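Model the structure of this input:
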Amino acid sequence: MDLNASGRPDPGARLLSLVTGALLAVLLVARPEIALDRWGAADPLAALWLLWSMLAGLVSGTGWPQCRGALRQLLSSEACLLTLVLAFLRLATH
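Got it, this is the predicted structure:
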């Protein structure tokens with residue numbers, strides 16, 4: 001994550017992660033068919049990546065105190081973006 005001069009995370013990245021997580025939460029509740037393939041069957045891998053992106057966005061956007069190591073990387077802004085792109089590519093290639 002990019003740090004500004006004070007050594008703290010960039011607030012713009014945190015806000016974008018929070019908006020992404022909140023938008024995915026609303027979409028997955030209101031329109032669960034976004035996790036379906038074009039034949040109408042559930043795509044568990046795409047759903048997992050969408051949920052992971054939502055969780056990472058909400059955690060990194062709200063600034064929850066995170067552990068060191070792998071958990072911090074799994075719930076970072078970068079993980080939010082990566083899993084969102086992976087889910088989009090998975091659903092777009094069906």
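
Contacts only, for Leu36.
Ala42, Asp43 (Cβ atoms under 8 Å, 6 or more residues apart in numbering). (Glycine included, C-beta is placed from N, CA and C.)

ok, 10 Å please
Counting by Cβ atoms under 10 Å, 6 or more residues apart in numbering, Leu36 makes contact with Ala42, Asp43, Ala46, Ala47, Leu91, His94.

Compare the residues you listed and tell me which is most surrounded.
Neighbour counts for the contacts of Leu36, by other Cβ atoms under 10 Å, peak at Ala46, which reaches 21 neighbours.

Okay, that residue and Leu36: tell me how far apart.
Distance of Ala46 to Leu36, computed by Cβ to Cβ, to the nearest Å: 8 Å.

shared neighbours of the two, anything?
In contact with both Ala46 and Leu36: Leu91, His94, using Cβ under 10 Å, 6+ apart.

ok so, going back, tell me the two of the contacts of Leu36 that are most distant?
Ala47 and His94 (13.1 Å; Cβ to Cβ).

how much space between the residue lying closest to Ala42 once chain neighbours are set aside and Leu24?
Take Ala42 and drop its neighbours on the chain: the residue closest to it by Cβ to Cβ, 6 or more residues apart in numbering is Leu36, 6.0 Å away. According to Cβ to Cβ, Leu36 and Leu24 sit 15 Å apart.

ok, now Ala79?
For Ala79, the distance to Leu24 - Cβ to Cβ - is 13 Å.

Common neighbours of these two, please.
In contact with both Ala79 and Leu24: Trp52, Ser53, Leu55, Ala56, Gly57, using Cβ under 10 Å, 6+ apart.

out of those residues, which is most surrounded?
The shared contacts of Ala79 and Leu24, ranked by neighbours (other Cβ under 10 Å): first place Gly57, 29 neighbours.
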